[in-house]
Structures are given as C-alpha cells and as structure tokens.
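S.K.: Turn this into a model:
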Amino acid sequence: MIYTNCDYPLYLLSSSPRRSELLKSLGINFEVIKPFGEEITFKFKSPRYYAEKKALNKLLTTLEKLSLKNGAFISADTIVVRKKKIYEKPGDEKEAISILKALEGKWHTVFTAYCIAVPSKNIQIVKSVRTQVKFKRMKMQEIENYVKTGEPLDKAGAYAVQGHGLFMIEKIEGSYTNVVGLPLVEVITDLLKLNIIKPK
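M.R.: Numbering: from 1, shown residues only. Predicted structure coming up:
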C-alpha cells in the first residue's frame, strides 16, 4: 500500500485486467467502467497521435454517454508499431500468427496513450509513452504454440509481456509497464500533481 486516494473518487475506463492490476498493486482505490468509443476510424498523422486520439475518444465518449461528472477518470490505449504499420488486437489465431511472424527477430515500438480528466475542474491531460521492444528469432512451431494458448487474442501486437509472451522478449528499452498497458511512473506522477492520490 504505497498510495491512498484524496478527495476524488477515481474511475478507470478500461476493460483491461492488466491496467487494473497495475493500479491495484500500489494500493490505489478505483472503480472500473467499461468504456464506450473503443472503435473509431479516422485519419491520423502518426502512430503516437493515433493512440492519443483513441484514448481521448474513449474518455470523452464514456463521460458523455454515462453523464459522468464527479470524480477523476483515466482512459488508455496501447498499440504496437513497426515501420509505421500499426498492430492492434488480432481478430483470430491466423492474424495473431501473421503479426508475430512480422515482428519476430526485430525491434518494434509500443505506444500507450493515457488521458486523465477531472470534469468538475475542467482538467484534462493527454500523454503518451514510447517503449522499444525486440523479439528473438522464433521458429514457426514456437509462434503457433504460443497462439494456441489463447493469450495473444486480446493483446495489442498479439502478445503479453507479463504472460507467456515473455519468452519472446530479447530486449526492452524504456518502460516495462508501458508495454503491459499503463506507464505507471508517468500516470502516478500526474495523479500526484493533480492531488487525486497521495503517498499513504
């Protein structure tokens, strides 16, 4: 128990159990709200902008649809990028295999964008964090065996760094928690600055 909440009830607008686990590990109290606005199509200038726009759309759409005004709210979105191609959650096992084949033996970038809002004070921040990840070279049997675990099917880039997918990771440059789905250092820093949480 490292932190405690201040005066604001805190809500995590995310369906990701990984993000919930990261916040819970620090003693922070919050409620989870399944977000709206996860599916969005738009033109974008860069992968970073794309991730930020998606996180912001989740936040704004959910606040509007549920008429949420009281409290502090966090939304986030994670994408995997290689050579400007964005890899999100695979639609099926075939697509998961295709993604992992494209990434194996190479470096790729993970962007997690997050938004924090306190509507009653007109506070809204949008930020993103970048991490570089390198996969080891893999045999097709390794990839197929991993996909059969079912783990890749709800993960950006078709892998979970905190799960079975760890066997693929050769190097990480940057935030590990960013690859999991929520850059804890940056998010906690902002929550402290906004007096949403404080050291216990």
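S.K.: Look up how far D77 lies from the residue positioned nearest the centre of the chain.
M.R.: Centroid-nearest residue in the chain: G181, 3.0 Å away (criterion: CA atoms, centre = their mean). Distance, G181 to D77, using CB to CB, to the nearest Å: 9 Å. The way it works is simple: take the backbone N, C-alpha and C, and place the C-beta from them, glycine included.
S.K.: can you pull out the helices in the protein?
M.R.: Along the chain, counting by DSSP state H, helices occupy 17-24, 47-65, 93-103, 140-148, 176-180, 184-193.
S.K.: Return the most buried member of the ones you listed.
M.R.: helix 176-180 (a mean of 22; mean count of other CB atoms under 10 Å).
S.K.: Who are the packing partners of that one?
M.R.: helix 17-24, strand 107-118, strand 123-135 (3 or more CB pairs under 8 Å, 6 or more residues apart in numbering; DSSP states H and E).
S.K.: if you set the cut-off to 10 Å instead, what comes out?
M.R.: Packed against helix 176-180 by the contact rule (3 or more CB pairs under 10 Å, 6 or more residues apart in numbering; DSSP states H and E) you find helix 17-24, strand 72-82, strand 107-118, strand 123-135, strand 169-173, helix 184-193.
S.K.: Which pLDDT value belongs to I197?
M.R.: The per-residue pLDDT reported for I197 equals 97.
S.K.: Pass me the low-pLDDT residue ranges in the protein, would you?
M.R.: Within the chain, the stretches with pLDDT under 70 are 42.
S.K.: Does D154 touch G181 like I think?
M.R.: No - counting by CB atoms under 10 Å, D154 does not reach G181; the two are 11.0 Å apart.
S.K.: what residues do the two have in common as contacts?
M.R.: Jointly contacting D154 and G181 under the rule CB atoms under 10 Å, 6 or more residues apart in numbering are S16, P17, R18, A160.
S.K.: In CSV: those residues, plus distance to I196.
M.R.: Below are the shared contacts of D154 and G181 laid out as CSV (distance: CB to CB, whole Å):
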residue, distance to I196
S16, 20
P17, 22
R18, 21
A160, 28
